[in-house]
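# No letters, just coordinates:
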Ligand SMILES: Nc1nc2c(ncn2[C@@H]2O[C@H](COP(=O)(O)OP(=O)(O)OP(=O)(O)O)[C@@H](O)[C@H]2O)c(=O)[nH]1
Ligand SMILES: [Mg+2]
C-alpha cells in the first residue's frame, strides 16, 4: 500500500472511529438499542434455521464480515455469500472464493441484480438443504440472511422471492423488502417464500455493525462501500479517499482511448455503443478527466502525500465542470463528492476489490469472528 493513500485512509478511519463512538448513553453512533435487540434476535435464530447465509460485500470480503456470528466458520450450515460481484475485480473475487474454500468455508459469489446469478443461488441453496435434510421427512426449510448494513441482504431476499416464487408457480401477493442505498433501512426480521417442494423460506434481517471496527483499513473501506451512513463520516472525506484509491489503482488506464477528445465529441459519441449503459456523456467526461489528471502527475503522487493532495484538489476542480455544477453553487465541492461516490458505487468508475487476499500466516479473526452469545445483548422485542 502506498504512503499517500494511507494518509487518507487514516484520516477517514479516525472520523469513522469518532462517529462510531459518539455515544448516546452507552450506544455508539450507528449501533443503537434497536441494533442490539436485532443482533440478539438474529443470534437466537441461528441455531433454529437450516442455513445461515452470511452476506458480505465482494469488494471487501474480509472487512464486511458479520461480527456477531457465533457459529464456527467450518459449519456446513453457514455459507458466505459474496454479493455485488459486478462491482468487484473479477480475478480477485475468484481468488477470494478459493481462499475461503481452502479454509473449509462454503463460499458463493452472487450479483443480486442478475437473475441468472439468483437462480444459481436458489439451486445452490436447494441442493444444500437437500443434503442437510437427507432422510428428514419435513417439507419446510428456513434460511436466514445476515450481515452488516447495505451488503444487499434485502435485495437478495427480494430477488430470491421473486424468481423462486415464479418457478414455484406460487399464487398470492409478491412481497417486497425495502432495498435502499442508505444503510440500516431494514428494521425487522421478515420471511419470504423462495421455493416449493420442499417449501423454503428466507429470513431477511437488519444489518448489524458494531462500533468497534478491527482497523483503519476495514473502517475506511466499510465507510466507502456504504456500510456506514455517509452523513456520519462526511461525503467529502469519502470522495477524497476514493480518489486516493483510484489514483493508486490501474483501473484508470482503461479510459485511455477517451483522452484527447474534446468534450463535444463525447456527446456526439452517445449511442455509439448501444449495449454500454455507461455511455452517459458526463461519465465519459469524468473518466477522461481522471485519466488525464492521473497521467499528468505520473506515479510520483503515490508516495508523496503533498502530490496526492494536489492531484485530488485538481480533480475536484475539473470534475466540478464535468458534472455541470453551476459556478455559484456554494456547496459545489460536496456536490462533486456526492456525484463521484454515486458513480463509484454504481460501478461506473471500474471494479475494485479493496481487501487484499490474506497471506497464509495472516490472523483470520474476521473469518472466525469472536464468540458472542445472545445474552451479550439486552432483551428487546424486534
Ligand atoms: N451493484 C450492485 N448493487 C447491489 C447489489 N445488491 C444490492 N445492491 C445495492 O446495494 C444497496 C443496499 O441493498 P440492500 O438490499 O438494501 O442492503 P441490506 O443489506 O438489506 O441493507 P440493510 O437493510 O441496511 O442492512 C442498494 O442500493 C442495492 O440496490 C448487487 O449485487 N450489485
Ligand atoms: Mg435490508
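Right, received. Where do you want to start? It should be emphasised that the depicted structure is a prediction, and the values quoted were computed from it without experimental measurement. Numbering: from 1, shown residues only. Ligands and ions are numbered 1, 2, ... in the order given.
# Quick check, residue 185 in contact with residue 153.
No. Applying C-beta atoms under 8 Å as the test, residue 185 and residue 153 come out as separate, 10.7 Å apart. No exception for glycine: its C-beta is placed from N, CA and C like everyone else's.
# Which one of the two is surrounded by more residues?
residue 153 (29 against 15; other C-beta atoms under 10 Å).
# What's the per-residue pLDDT of that one here?
As predicted, residue 153 sits at a pLDDT of 98.
# How about residue 164?
Looking at residue 164, its pLDDT is 87.
# Over to residue 287?
Confidence at residue 287, expressed as pLDDT, is 95.
# Name the SS class of the nearest residue to it once chain neighbours are set aside, please.
Spatial nearest neighbour of residue 287, chain neighbours left out: residue 255 (4.1 Å); criterion: C-beta to C-beta, 6 or more residues apart in numbering. Residue 255 falls in the helix class when you classify it by DSSP: H, G, I helix; E, B strand; the rest coil.
# Quick check, residue 255 in contact with residue 286.
No. Contact between residue 255 and residue 286 fails when scored by C-beta under 8 Å: they sit 9.2 Å apart.
# between the two, which one's more packed in?
Set residue 255 next to residue 286 and count neighbours by other C-beta under 10 Å: residue 286 wins out with 24 against 20.
# you'd agree that one is up against residue 322?
Yes. Contact between residue 286 and residue 322 holds when scored by C-beta under 8 Å: they sit 5.0 Å apart.
# quick revisit: what do residue 185 and residue 153 both touch?
Common contacts of residue 185 and residue 153 (C-beta atoms under 8 Å, 6 or more residues apart in numbering): none found.
# Now do residue 32 against residue 181, distance only.
Separation of residue 32 from residue 181 (C-beta to C-beta, to the nearest Å): 20 Å.
# Ok, residue 251 next?
As judged by C-beta to C-beta, residue 251 and residue 181 stand 22 Å apart.
# got the contact list for residue 146?
Residue 146 touches 42, 46, 52-55, 66, 69, 153, 205, 208, counting by C-beta under 8 Å, 6+ apart.
# Let's have these in JSON lines, adding distance to ligand 2.
Shown next, in JSON lines, are those (distance: C-beta to the ion, whole Å):
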{"residue": "42", "distance to ligand 2": "12"}
{"residue": "46", "distance to ligand 2": "18"}
{"residue": "52", "distance to ligand 2": "16"}
{"residue": "53", "distance to ligand 2": "13"}
{"residue": "54", "distance to ligand 2": "14"}
{"residue": "55", "distance to ligand 2": "10"}
{"residue": "66", "distance to ligand 2": "13"}
{"residue": "69", "distance to ligand 2": "17"}
{"residue": "153", "distance to ligand 2": "5"}
{"residue": "205", "distance to ligand 2": "8"}
{"residue": "208", "distance to ligand 2": "11"}
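# name the helices or strands packed onto the helix or strand that contains residue 8?
Using DSSP states H and E, residue 8 sits in helix 3-21. With contacts taken as 3 or more C-beta pairs under 8 Å, 6 or more residues apart in numbering; DSSP states H and E, helix 3-21 sits against helix 216-225, helix 230-233, helix 235-247, helix 305-322.
# Name the residues that touch that helix?
The contact list for helix 3-21 (C-beta under 8 Å, 6+ apart) reads 28-31, 211-213, 215-217, 219-220, 222-224, 228, 232-234, 237-238, 240-241, 244-245, 247-248, 301-305, 307-309.
# In terms of helix, strand or coil, where does residue 54 fall?
Here residue 54 is recorded as strand under three-state DSSP.
# Return the distance of stretch 174-192 from the chain's centre.
Centroid separation for stretch 174-192 versus its chain: 16 Å, with C-alpha atoms, centre = their mean, to the nearest Å.
# Now do the buried residues in it.
Using 16 or more other C-beta atoms under 10 Å as the test for burial, stretch 174-192 gives 177, 179, 183-184, 186, 189-190, 192.
# so for that stretch, what's the average pLDDT?
For stretch 174-192, the mean per-residue pLDDT is 93.
# Now the element after the helix or strand bottoming out on mean pLDDT in the chain, going C-ward?
Least confident helix or strand, the chain: helix 263-268 with a mean of 51, by mean pLDDT, DSSP states H and E. The C-terminal neighbour of helix 263-268 among helices and strands, as given by DSSP H and E, is helix 281-297.
# Show me what that following helix is packed up against.
Using 3+ C-beta pairs under 8 Å, 6+ apart, helix 281-297 sits against helix 235-247, helix 263-268, helix 305-322, helix 332-345.
# Could you pull out the helices in the stretch 51-200 of the chain for me?
In the stretch 51-200 of the chain, the segments counted as helices under DSSP state H, counting those that start in this stretch are 90-102, 115-132, 153-167.
# isn't residue 252 right up against residue 292?
No. Applying C-beta under 8 Å as the test, residue 252 and residue 292 come out as separate, 9.5 Å apart.
# Find the closest residue to ligand 1 in the stretch 201-350 of the chain.
For the stretch 201-350 of the chain, the residue positioned closest to ligand 1 under C-beta to the nearest ligand atom is residue 207, at a distance of 2.4 Å.
# That residue touches residue 150, doesn't it?
Yes. Taking contacts as C-beta under 8 Å, residue 207 lies within contact range of residue 150: 6.3 Å.
# re earlier: any idea which of the contacts of residue 146 is least confident?
Of all the contacts of residue 146, residue 69 has the smallest pLDDT value, namely 76.
# buried sites along stretch 218-236?
So for stretch 218-236, counting by 16+ other C-beta under 10 Å, buried means 218-230, 232-236.
# That one spans what distance, first to last residue?
19 Å (C-alpha to C-alpha, to the nearest Å).
# and what of stretch 227-234?
In stretch 227-234, first residue to last residue: 13 Å (C-alpha to C-alpha).
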